[in-house]
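> Structural data only, the sequence is not supplied:
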């Protein structure tokens, strides 16, 4: 009886194994073929006739503006206000989508560029281009070139530092998997182990508590941190760009033919000066911070 | 059962095992996503590259659970003894013990870590440590003291009341009876569940990474985020397991030794 049962279990496993092998139909067959046309009707979209854009929630200024409206916290990507929201709608316009044909979905920062199928057409979330990331997802061309910067608390010893060399004895913090963290390790090379946080909010809390001396974030985020998140904090300066300029790109599912159409739209917007105008409008303050050498 | 049947049983078990794992292996390696999974989760080169850094960060985990465990074993015993104090005089202390155990077993560990690790330094009181490792250890001690006190209490209650009664009739006070008769038997009985909680504690040290501390899991996250290869998680897992398996065998040995000794005493 017991042996019969064991055989039954084995038989079931055989069926399961066969079932797994048989379901190997290739879902990505349509995704890899390059579309020749960027006509609205020919675009490779998640849902027909709609452009689905992803970003993280809360959506923070100056990247997103407008009044907080559920389900979005702090601001509302659907407002068209804030740099990334404005760029997304400008690109949508170039592709032929009206404002009400753009839908926004919440995509956590770290999952946006993880491998696998995506629920968005593109994700716009201050994601820096990195070759390693580009093996898992596709990036659009740059829509913003960005420098890293350092946020410190007024009146702490680090607030008097005026060069990168003077920063070495301090404890820094940055968000996990960001180029900010890489900048600490590769360029500041501090003598203390840096703290690494899964979210930027945790990093901000840590700076507030003086558990870290300095927070490394990209410059526009630094403006939000100093203006809204931490009283008595200031941008000590921005860091010089090392190597090729760091830039933000929109993220697409690997092999999505939509990339080339969005790149066409971006180059049109760039040539027309629209990207620069939007940058001046929403990120204008970014010009002020001194460069640390 | 004859010898022939026994051998046949072994043969069937062996064949069944081979068939089972072969089928499992075939099913997994033939899955459509296997090459991708193999590349992103089982990359030997990546494993070797990230192991030294993760092993280095793992020392922080070891430090945290060793320090925490020392406090937990003492505090939990005190809590368990408080909860087993007899008489109406000690009622408020028993209530406190119950409230403590209920609260800290009920609140998710990561919330305790977040509340203390970011909350306590935010008070900006003079002399309150800012170290995330410190608050991580404090949180783990608070939470695991609640669990471990329940283990001790189960051990204390498993000692037959006649033992205590006999000790008291010999003129021992309640505390003498507790210390010399009840607790030695109770603790010996709960060594396996104590180790079980110790292993749980070892794993939960990874939660302290939430505060920014770079321990083994956080280091593996850093490596994974940099390369889009999740093999570093495997490296961290290997380190945790490499520590818990010898501990489990050690406990088995302790329990077995204890059993043998008691049997020998019984025969004599």
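Yep, it's here. Small disclaimer: the values here were computed from a predicted structure and weren't measured.

> Within range of chain B, give me the residues from the stretch 151-293 of chain A.
Within the stretch 151-293 of chain A, the positions near chain B by C-beta under 8 Å from any C-beta of the partner chain are A:173, A:176-177, A:181-182, A:193-198, A:202-203, A:205-206, A:208-212. C-beta: built from backbone N, CA, C; applies to glycine.

> Now do the domain split for the chain, please.
Went with chain A since none was named. A:42-145+A:246-287, A:148-238 (automatic domain parsing).

> wrong one, chain B
For chain B, the structural domains run B:1-34, B:45-267, going by automatic domain parsing.

> Show me the one of those that comes nearest residue A:146.
domain B:45-267 (18.2 Å; C-beta to C-beta).

> what's the model's confidence in the closest one, averaged?
Averaged over domain B:45-267, pLDDT sits at 90.

> chain center to stretch B:101-117, what's the gap?
Here stretch B:101-117 shows a centroid-to-chain-centroid distance of 16 Å under the convention C-alpha atoms, centre = their mean, to the nearest Å.

> ends of that stretch, how far apart?
From its first residue to its last, stretch B:101-117 covers 21 Å (C-alpha to C-alpha, to the nearest Å).

> Beyond the longest helix that chain B contains, next helix or strand please.
Longest helix in chain B, counting residues (DSSP state H): helix B:44-83. Towards the C-terminus, the helix or strand next in line after helix B:44-83, according to DSSP states H and E, is helix B:91-106.

> ok, residues contacting that following helix?
B:79, B:82, B:83, B:85, B:112, B:142, B:143, B:145, B:146, B:147, B:149, B:150 (C-beta atoms under 8 Å, 6 or more residues apart in numbering or on different chains).

> Can you tell me which of the residues you listed are buried?
Neighbour-count burial (16 or more other C-beta atoms under 10 Å in any protein chain shown) applied to the contacts of helix B:91-106 gives B:79, B:82, B:83, B:112, B:142, B:143, B:145, B:146, B:147, B:149, B:150.

> From those, pick the one nearest chain A.
Closest to chain A out of the buried ones among the contacts of helix B:91-106 is residue B:112 (15.4 Å), distances taken as C-beta to the nearest C-beta.

> Okay, the closest residue in space to the closest one that isn't next to it in sequence and chain A: tell me how far apart.
Spatially, and ignoring its direct neighbours in sequence, residue B:112 is nearest to residue B:139 (4.5 Å; C-beta to C-beta, 6 or more residues apart in numbering or on different chains). Distance of residue B:139 to chain A, computed by C-beta to the nearest C-beta, to the nearest Å: 15 Å.

> repeat for residue B:169
Counting by C-beta to the nearest C-beta, the gap from residue B:169 to chain A is 53 Å.

> my guess is the residue nearest to residue B:112 meets residue B:117, correct?
Yes - contact between residue B:139 and residue B:117 holds when scored by C-beta atoms under 8 Å: they sit 6.9 Å apart.

> Quickly list what's touching both of those two.
Contacts common to residue B:139 and residue B:117, judged by C-beta under 8 Å, 6+ apart, are residue B:208.

> For those two, work out which one has more neighbours and name it.
Higher neighbour count among residue B:139 and residue B:117: residue B:117, with 31 against 27, using other C-beta atoms under 10 Å in any protein chain shown.

> which ones are touching the more buried one?
B:132, B:135, B:136, B:139, B:208, B:210, B:211.

> Report the buried residues of the longest helix of chain B.
B:46-47, B:49-51, B:53-55, B:57-58, B:60-61, B:64-65, B:68-69, B:71-73, B:75-77, B:79-83.

> Does chain A have contacts with it?
No - Helix B:44-83 lies out of reach of chain A by C-beta under 8 Å from any C-beta, never closer than 9.2 Å.

> Which elements pack onto that helix?
helix B:91-106, helix B:132-158, helix B:191-204, helix B:216-227, helix B:231-267 (3 or more C-beta pairs under 8 Å, 6 or more residues apart in numbering or on different chains; DSSP states H and E).

> and the last one, is it in reach of chain A?
No - counting by C-beta under 8 Å from any C-beta, chain A has no neighbours in helix B:231-267; the shortest distance is 12.2 Å.

> How far does that helix sit from its chain's centre?
On the basis of C-alpha atoms, centre = their mean, helix B:231-267 sits 12 Å off its chain's mean C-alpha point.

> Which positions in that helix come out as buried?
Neighbour-count burial for helix B:231-267 [16+ other C-beta under 10 Å]: B:231, B:232, B:233, B:234, B:235, B:236, B:239, B:240, B:243, B:251.

> what do you get for the second one?
Residues of helix B:132-158 classed as buried by neighbour count (16+ other C-beta under 10 Å): B:132-153, B:155-156.
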